[in-house]
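Enquirer: Just the structure for this:
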Amino acid sequence: MNVLKKIVIYALLLSGSAVFLLPLIWMISTGLKPIDQTMSMPPTWIPYRLFIEEDGERIEVRAEESIETASFIIREGEDRRIVPASSLKDGQMMLRNVEGNETAVDIEIVQEIPASPDAPWAQIRPVSDEDAEWTVVPQSVVIRTIAPRWSNFTRAIAAMKFFWLYLKNTLLLCFLTVIGTVSSSAMAAYGFSRIQWRGRNQVFVLALATMMIPFPVTMVPMYCLYRWLGWIGTLRPLWVGTFFAGAFNVFLLRQFFMSIPKDLSDAARIDGCSEFRIFLQIIIPLCRPALMVVGLFQFMGTWNDFLGPLIYLTDQKDFTLALGLQFFQSQHGGTEWHYLMAASTLVALPIIILFFFTQKSFIEGISMTGLKG
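Expert: Below is the predicted model:
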C-alpha cells in the first residue's frame, strides 16, 4: 500500500512538473522556428524545414496553404489563385450576387489540382527567392526534416540593437541589489536575533507588518521621493533601496541566526572580539547557505523585474533586459515572435543555469532555515 501511495505521489509530481515546463518548452521551441511556423495551426512543437527534389537538387520551400479538395489554379489578370472545383462549371466560374443570382464568368484555368483528404496537395514557395511565384505539389513529394534555426538567436540580438547594453545594466543592477540586500538584511537580522535591547520584539513585529503593505500603496510616494532627489531616469531608484533591509529577508536570516549557539558568541567576547567582528568572522561564515538563498532570491527578482524599470527609467540606454524585451515587441508593427521568443530564451537561460548550479546550496539553505527556525 505504501509503495502504491509513493507511485501515485511521484506520478502527480512528475505530471505537475511537466505542466509547468510546457510554457518554457514552447518558448524555446518557438525561438528555434521560422516565423511561418510560430502561428501555424495546429501548433508545431518541433521546428522543421521543407524540401522538394527538382532536377536532382534539393530546394528548401515554405508551405503557404494545404489543399484537401479538388481545385483549380485560375488566372485573373496578372494574378493567380486557387479555387475549389465546385465553383467552376463548364470552364466558367459561378459568382453569386447580393440578390442570390448566379453569374458565369469566363476565366483561364492554369492547372488542375486533383487533391483529396487522402492525397492532399501543398502550395509552396522557394525560401531562397521571395519574388518567385508560388506553385502546388502533392504533399507526398515534400520532404520534412527536423531543423532548428539557431541563427534566430543571433538575429534576435542584432534586432535588439542595445541587447548588450541591456545585459550590462541588468548585471550591474543585480550585483548592486544582491550586495545591498545581503549586507543590510544580515546586519538587521543579527540585531534582531543576537543582541538584546529594549523593544526588540515589538520593532521586529512592526517590521514584519510592512510585508502586508502592497507595492501600489508605496509606489507613488516612492516615485515622488526619487523625483525630489532628481533620480528619475537613473538606475539609483532600483538599487539604493536594497541597502535598507526588507522584512522577508530579515525574517529568513533571523530564524537562521537564532539557531546558532550563543556560546560561540560568548566565547568570542571573552577573547576580546567586538560585536562587529563576531558578526563578520563567526556568524557570517556559519550562515552561508541562508545568505545564498537571500542572494538568489534578490538576483532572480532583479533580473526579472519589469515594473521598477518601467516606472523609473526613461532613456533606452538605461533599460534592463526585461524592459528591453517589451520595447522590442512594441517597436515593430507586427511582432516577430520567433525573434522575441529567442531573445526571451536568452534572458531566461541565465536564471535556469544559475539555479541548476546552486540548487544544492539553495535547498540546503531553505531546509536548514525551516528546521532550525
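
Enquirer: which residues sit against the longest strand along the chain?
Expert: Longest strand in the chain by number of residues (criterion: DSSP state E): strand 57-67. Outside strand 57-67, the residues that touch it by C-beta atoms under 8 Å, 6 or more residues apart in numbering are 34, 36, 49-53, 82, 113, 115, 120-128, 134, 136, 139, 142-143. Where you see a C-beta, it was placed from the backbone N, CA and C, and this is true even at glycine.

Enquirer: Now list the buried members of those.
Expert: 49-52, 82, 113, 115, 121-124, 126-127, 136, 139, 142 (16 or more other C-beta atoms under 10 Å).

Enquirer: Go through these and name the one nearest Leu206.
Expert: Distance to Leu206 across those (C-beta to C-beta) is lowest for Arg49, with 62.6 Å.

Enquirer: which residues touch the closest residue to that closest one other than its chain neighbours?
Expert: In space, and not counting its chain neighbours, Arg49 is closest to Ala147: 4.0 Å by C-beta to C-beta, 6 or more residues apart in numbering. By C-beta under 8 Å, 6+ apart, Ala147 lies in contact with 47-49.

Enquirer: Between those, which sits nearest Asn201?
Expert: Closest approach to Asn201 among these (C-beta to C-beta): Pro47, at 58.7 Å.

Enquirer: elements contacting the strand or helix carrying Tyr190?
Expert: Using DSSP states H and E, Tyr190 maps to helix 163-193. Here helix 163-193 touches helix 151-159, helix 200-209, helix 236-239, helix 247-258, helix 288-304, helix 321-330, going by 3 or more C-beta pairs under 8 Å, 6 or more residues apart in numbering; DSSP states H and E.

Enquirer: Let's test this: mean pLDDT of it, rounded?
Expert: Across helix 163-193, the average pLDDT comes to 93.

Enquirer: Next, the angle from it to helix 151-159.
Expert: Calculated by axes from the mean of the first three to the mean of the last three C-alpha atoms, to 10 degrees, helix 163-193 forms an angle of 90 degrees with helix 151-159.

Enquirer: Can you list the buried residues in helix 163-193?
Expert: 163, 165-167, 169-171, 173-174, 176-178, 180-182, 184-186, 188-193.

Enquirer: With stretch 305-316 instead?
Expert: In stretch 305-316, counting by 16+ other C-beta under 10 Å, buried: 305, 308-309, 311-313.

Enquirer: I'd like to know the average pLDDT value across that stretch.
Expert: Here the average pLDDT along stretch 305-316 is 91.

Enquirer: contact partners of it?
Expert: Outside stretch 305-316, the residues that touch it by C-beta under 8 Å, 6+ apart are 162, 215, 219, 223, 226, 231-235, 237-238, 319-320, 322-323, 326-327.

Enquirer: Mind giving me the ChimeraX select for the residues you listed, buried ones only?
Expert: Under the burial definition 16+ other C-beta under 10 Å, those of those that qualify are selected in ChimeraX by:
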select :162,226,231,232,234,235,237,238,319,320,322,323
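
Enquirer: And for Phe357, the neighbour number?
Expert: 10 (other C-beta atoms under 10 Å).

Enquirer: Spell out which helix or strand contains it, please.
Expert: Per DSSP H and E: Phe357 is located in helix 337-372.

Enquirer: Equivalent analysis for Ala122, please.
Expert: Secondary-structure assignment from DSSP H and E places Ala122 in strand 121-126.

Enquirer: what's the angle from that strand to strand 57-67?
Expert: Counting by the same axes, to 10 degrees, strand 121-126 lies at 130 degrees to strand 57-67.

Enquirer: Strand 121-126 packs against which elements?
Expert: The elements that strand 121-126 packs onto, with contact taken as 3+ C-beta pairs under 8 Å, 6+ apart, are strand 57-67, strand 135-138.

Enquirer: Quick check: which of these is nearest to Ile353?
Expert: Minimum separation from Ile353 across the helices and strands packed on strand 121-126 (C-beta to C-beta) falls at strand 57-67, 33.2 Å.

Enquirer: Would you give the sheet partners of the host helix or strand of Leu50, along with the direction of each?
Expert: Taking DSSP H and E as the definition, Leu50 sits inside strand 48-54. Counting by DSSP bridges, the strands paired with strand 48-54 are strand 57-67 (antiparallel), strand 143-146 (antiparallel).

Enquirer: Would you single out the least confident of these?
Expert: When the strands paired with strand 48-54 are compared on mean pLDDT, strand 57-67 scores lowest, with a mean of 85.

Enquirer: Residues contacting the helix or strand following that strand, please?
Expert: Next helix or strand after strand 57-67 toward the C-terminus (DSSP H and E): strand 71-76. For strand 71-76, contacts defined as C-beta under 8 Å, 6+ apart pick out 80-85, 88, 93, 107-113, 115, 121, 136.
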